[in-house]
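Enquirer: Whatever this is, show me its structure:
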Amino acid sequence: MQAFFASGQVADLVLLVLLAEALALFLWHRRTGRGLAPLAVAGLVLPGVAFALALRAALTGAGWGWVAAALVAAFLTHAFDLAVRLRPR
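Expert: Below is the predicted model of the structure:
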């Protein structure tokens, strides 16, 4: 288990689950017209992707700049999601 975490593979698993979730939500919306629209799915999944990339960078010994860049991306994608959700309709 230690090698699974130290290698960053745990972050790869998280990324795979997020991709599967996004694909399932997208396909559900496309087939039924129900559920979250693609923009909402992106807003939901992208901050998690950025956090998983930050985790992977930190676990594999990448430079602090890569970790910081991924965390900034997580913040920006979260702000994007909030802006989309809170915009007046």
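
Enquirer: now the helices: where do they sit in this protein?
Expert: 2-6, 9-32, 38-59, 64-86 (DSSP state H).

Enquirer: Buried residues in the last one, which are they?
Expert: Going back to what we said before, that points to helix 64-86. Buried residues in helix 64-86, defined by neighbour count with 16 or more other CB atoms under 10 Å: Trp66, Val67, Ala69, Ala70, Leu71, Ala73, Ala74, Thr77, His78, Asp81. Bear in mind the C-beta positions are built from the backbone N, C-alpha and C, glycine included.

Enquirer: just the second one next, same as before
Expert: Along helix 9-32, these residues count as buried under the neighbour rule (16+ other CB under 10 Å): Val10, Ala11, Val14, Leu15, Leu18, Ala22, Leu25, Phe26, His29.

Enquirer: which residue sits closest to the last one, ignoring its sequence neighbours?
Expert: It stands for His29. Gly35 (4.5 Å; CB to CB, 6 or more residues apart in numbering).

Enquirer: From Leu46, how far off is that neighbour?
Expert: 17 Å (CB to CB, to the nearest Å).
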